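Asker: Generate a structure from the sequence data that follows.
(chains A and B)
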Amino acid sequence: MTLLDFARGPAMQWALIIFTIGIFWRLVGTVLLYRRRDFSQPRRKSGLPDGARAIVMRSVLPPELEHNIVFQHVTGYLWHIGYFVTVLFLGTHIPFFKSLLGFGWPHLPNAIVMIAAAVSLAVLVMLLVRRMLHPVLQKISTSDDYISVIVTILPLITGLISYANIGFIKETNLALHILSVELLLLWFPFGKLMHLFMTFPSRYQVGAAFGRRGVKA
Amino acid sequence: MSEQAAVLGKFEEYIAHLGERAPAQQGSDDERLARAKQAFRAGLDGAMAIDLECCIHCGMCAEACHFYESTQQGKYAPIHKLAPLRRFYHRELGPLRWLFRLFTRDISLKELGEWQEFVYNSCTMCARCDMICPMGIQISPMVGVMRSGLAAAELVPRALAAGTLEQKQQGTVFGTGAAELVKTVDTLRQQGLVVNLDKDTADIMLLSTAMDVNVYTRSLAGMVKIMNGLGVDWTLRSAAFEATNFGMLSGDREAEEAATRRIIDEALACGAKTIIIPECGHAYAELRWEAANIHGQPLPFEVVAISEFLGRELQAGRLKLKSSAIKQRVTYHDPCKMGRLGGVLDEPRALLDALGVELTEMESHGATNYCCGGGGGVMLIEGAAMLRQRAFEIKMRQVDDTGADAVVTTCDSCRTTFITGAQNANWHTSVESLVELVAENLED
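Answerer: Residues are numbered from 1 along each chain as shown, chains lettered A, B, ... in the order given. Here you go, the predicted model:
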């Protein structure tokens, strides 16, 4: 079995199994925890509208809050959008999703995707450096922050190397890229990357909690 | 300002020595740590778990915090204030606890002691950070859980510990109980006011505070005058007039519940349909949102802030104000527990509008208002004086930018923080009580 066979075969299968079970375990384990009942009289009936509003509007803050975090917002959007464009719209990625999901979608031109990947990588590296230097981030960062950013960056680096076919032979480059993606999948349920799934219930909660007090959050 | 400052002088002297009455620590370190963990376990629930699971450590919460903004010290980042609680959660309650126990250390009493500065001195639980978090994490209620853990471990700042012990053991606040209330009531009666003290039954049970009884007596007199003017059936009960809740501020759940139950029982005894909270932000938060949970079922009466009540009466046409009594440009400071955390946002502004003042809003007002720096008991913590002043300077700048001649608010703690902060900074903008303004401008 070649390295590429291993990466495409058992490594991918196990990575996907641990990714799926891990996410399920963490989501269910969190949701099943006891929730306190609130007997206070709500100012107005809340719930779905306030929660749904917060899911959307938490991305569009009032100016008096936004002006302190413009940098974080812009860089955050840049790398996330670049990353998802790369993952979802590179021509060579679509067949993988088609084999996994049973359906595919049109891809973007390689040049555009590579620009997106490069921007995403550059911003992630910049944010990693910022994490090491900023007084707040120095205080609150844990090993999870560094592991998560490294496993997020690695597929970009190996992907760009594979695309440009630098260094190793083509199959080895591709195998390393696939293995780096598997590393990301393996780490995903254990670290902060889980926010991809947790953000929505959390935003819903803040909207509903403030909503029952008559405040838009 | 000087008149208000003079009145406050005696009170400040009392506060300065409050910590001397703090209880001595009891129990071994192991026992205290175990009690802290038990309090953490009791305070956390599934909603908080979701919040704790989705933090990405972005640090944006710091950018909404007046303590971080005014000092630029990373240790004051709101999420950092939860670090021991987060680790406790991940090690003891979270779905990956078996993994976290392998790679993270347990919390220690020493660490909790170090966090006293973060959850008391540098956090007013104002919840501004809750409004900015991109994940939607509500940090302020979890600071409350942190405080309950530190209280269980006897790590409360001395002034708050002393106040909590006094209220728990003697039922008084700042040495003020029924006897002191009666004295103040006698003074008000000598001024010609009719004070319905200890009526057997009444539709409305009015609360007051030790601050109002001793310092801001004009506010108490104002409430009495307004109630009488409206012709409502009200009473002030000497057995449970105190709205201040030291247990809530310190995190001592037993003391918090006892003080709240006392008010609930008295309201039930006199058949009140409404409890009116005086100008006290944390008392509103406690009685409006927590009392029913302490009662274990919905309350059979409503709880309203005095400003909220007056706003409603104004809207119903029963409260009539002289619309041109004051010719000032003012700005309104939303007490965090009433505004952002209480939803009392429109009523105070409606009252100011009816008073005919020119209201100019601060850049951050309403749901994004900056705390004055003294809420959550920080006003009383001696070791927090410098931090409090730094945070207050943000508020001063916000007020100055409006060009207002006066700040109006409706919370004793905010008012006191403004007065002392202004004294320290030699700042000359006056701070006014909304209730006093209304009472002084009732239409005959």
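
Asker: how's chain B carved up into domains?
Answerer: Following automatic domain parsing, chain B resolves into domains at B:29-153, B:170-314, B:320-440.

Asker: pLDDT at residue B:353, what is it?
Answerer: Note for residue B:353: predicted pLDDT of 94.

Asker: Chain neighbours aside, what residue packs nearest to it?
Answerer: Using CB to CB, 6 or more residues apart in numbering or on different chains and skipping residues adjacent in sequence, the residue nearest residue B:353 is residue B:359, 6.9 Å away. All C-beta spots, glycine's among them, are computed from the backbone N, C-alpha and C.

Asker: Contacts only, for the one you found.
Answerer: The contact partners of residue B:359, by CB atoms under 8 Å, 6 or more residues apart in numbering or on different chains, come to B:330, B:331, B:332, B:349, B:352, B:353.

Asker: neighbours of the nearest residue to residue A:3 once chain neighbours are set aside, just the number please.
Answerer: Spatially, and ignoring its direct neighbours in sequence, residue A:3 is nearest to residue A:175 (4.2 Å; CB to CB, 6+ apart). Residue A:175 sits with 22 neighbouring residues when counted by other CB atoms under 10 Å in any protein chain shown.

Asker: do the one 10 residues further on as well
Answerer: The number of residues packed near residue A:185 is 23, by other CB under 10 Å.

Asker: Over to residue B:167?
Answerer: Residue B:167 has 25 neighbours, counted by other CB under 10 Å.

Asker: Assign the residue of chain A found nearest chain B to helix, strand or coil.
Answerer: For chain A, the nearest residue to chain B under the criterion CB to the nearest CB is residue A:29, separated by 2.4 Å. Per DSSP: H, G, I helix; E, B strand; the rest coil, the secondary structure class of residue A:29 is helix.

Asker: how about it, what does it touch?
Answerer: With CB under 8 Å, 6+ apart, residue A:29 has these contacts: B:94, B:95, B:96.

Asker: any idea how far it lies from residue B:49?
Answerer: As for residue A:29, its distance to residue B:49 is 9 Å (criterion: CB to CB, to the nearest Å).

Asker: what residues are shared contacts of these two?
Answerer: Contact with both residue A:29 and residue B:49 is made by residues residue B:94, according to CB under 8 Å, 6+ apart.

Asker: Most proximal residue of chain B with respect to chain A?
Answerer: In chain B, the residue that lies nearest chain A is residue B:95 (2.4 Å; CB to the nearest CB).

Asker: So for that residue, what pLDDT did the model give?
Answerer: Looking at residue B:95, the pLDDT reads 96.

Asker: hang on, it packs against residue A:23?
Answerer: No - taking contacts as CB atoms under 8 Å, residue B:95 lies outside contact range of residue A:23: 10.6 Å.

Asker: So if I had to pick from the two, which one is more boxed in?
Answerer: residue B:95 (22 against 17).

Asker: Contacts only, for that one.
Answerer: Shown in contact with residue B:95 (CB under 8 Å, 6+ apart): A:25, A:26, A:28, A:29, A:30.

Asker: ok, and the closest non-adjacent residue to it?
Answerer: Counting by CB to CB, 6+ apart, the nearest residue to residue B:95 once its immediate chain neighbours are dropped is residue A:29, at 2.4 Å.

Asker: What distance do you get for the one you found to residue A:144?
Answerer: Separation of residue A:29 from residue A:144 (CB to CB): 17 Å.

Asker: which SS class is the residue of chain B closest to chain A?
Answerer: Following three-state DSSP, we place residue B:95 in the coil state.

Asker: Look up phi and psi at it.
Answerer: In this entry, residue B:95 is assigned phi and psi values of phi -70, psi -20 (degrees, to the nearest 10).

Asker: what does residue B:173 give?
Answerer: As for residue B:173, its main-chain torsions (degrees, to the nearest 10) stand at phi -130, psi 130.

Asker: what's the answer for the one 3 residues further on, then?
Answerer: Summarising the backbone geometry of residue B:176 under the convention degrees, to the nearest 10, its torsions are phi -110, psi 120.

Asker: Residue A:37: how many residues sit nearby?
Answerer: When neighbours are counted by other CB under 10 Å, residue A:37 registers 10.

Asker: check contacts around it.
Answerer: The contact partners of residue A:37, by CB under 8 Å, 6+ apart, come to residue B:293.

Asker: what about it, is that helix, strand or coil?
Answerer: Going by three-state DSSP: residue A:37 is coil.

Asker: which stretches of chain A form helices?
Answerer: Using DSSP state H, the helices of chain A run over residues A:3-6, A:12-31, A:48-57, A:63-66, A:70-89, A:94-101, A:110-133, A:135-140, A:143-164, A:170-187, A:195-211.

Asker: okay, the ones you listed, which one's buried deepest?
Answerer: Mean neighbours per residue, mean count of other CB atoms under 10 Å in any protein chain shown, is largest over these for helix A:195-211, with a mean of 22.

Asker: Show residues contacting that one.
Answerer: A:23, A:27, A:30-31, A:44, A:46-47, A:49-55, A:57-58, A:216-217, B:47, B:50-51, B:53-56, B:130, B:133-138, B:340, B:367.

Asker: now stretch A:40-57
Answerer: A:200, A:203-208, A:210-214, A:216-217, B:136, B:288-293, B:298-299, B:302, B:343.

Asker: go with 6 Å
Answerer: The contact list for stretch A:40-57 (CB atoms under 6 Å, 6 or more residues apart in numbering or on different chains) reads A:200, A:203-204, A:206-208, A:211-214, A:217, B:289, B:292, B:343.

Asker: same question, stretch B:198-216
Answerer: B:7, B:11, B:173-174, B:176, B:180-181, B:184, B:219-220, B:232-238, B:241, B:243-244, B:267, B:270-278, B:280, B:412.

Asker: Near residue B:26, how many other residues are there?
Answerer: By the criterion of other CB under 10 Å, residue B:26 has 8 neighbours.

Asker: That one falls within a strand, correct?
Answerer: No - with three-state DSSP as the criterion, residue B:26 is coil rather than part of a strand.

Asker: what does the stretch 151-300 of chain B put close to chain A?
Answerer: For the stretch 151-300 of chain B, the contact set with chain A under CB under 6 Å from any CB of the partner chain comprises B:289, B:292, B:293, B:297, B:298.

Asker: How is residue B:276 classified with respect to secondary structure?
Answerer: strand.

Asker: check contacts around it.
Answerer: Residue B:276 makes contact with B:204, B:206, B:304, B:306, B:309 under the criterion CB under 6 Å, 6+ apart.

Asker: who in chain A is up against chain B?
Answerer: Looking at chain B, the residues of chain A close enough under CB under 6 Å from any CB are A:25-26, A:29-30, A:33-36, A:39-40, A:43, A:58, A:62, A:64-65, A:68-69, A:72, A:135-141, A:145, A:192, A:195, A:198-199, A:201-203, A:205-206, A:213-215.

Asker: Tell me who's in contact with the closest residue to residue A:90 other than its chain neighbours.
Answerer: Sequence neighbours aside, residue A:113 is the residue nearest to residue A:90 in space, at 4.6 Å (criterion: CB to CB, 6+ apart). Residue A:113 makes contact with A:86, A:89, A:90 under the criterion CB under 6 Å, 6+ apart.

Asker: Look up how far residue B:344 lies from the residue of chain A positioned farthest from its centre.
Answerer: Most distant residue from the mean C-alpha position of chain A: residue A:41, 37.8 Å away (CA atoms, centre = their mean). Per CB to CB, residue A:41 is found 14 Å from residue B:344.

Asker: Over to residue B:59?
Answerer: For residue B:59 relative to residue B:344 (CB to CB), the value is 31 Å.

Asker: of the two, who's got more company?
Answerer: residue B:344 (29 against 25).

Asker: one step back: got the confidence number for the residue nearest to residue A:90?
Answerer: Looking at residue A:113, its pLDDT reads 96.

Asker: Can you check what pLDDT the model gives residue B:325?
Answerer: At residue B:325, the model reports a pLDDT of 59.
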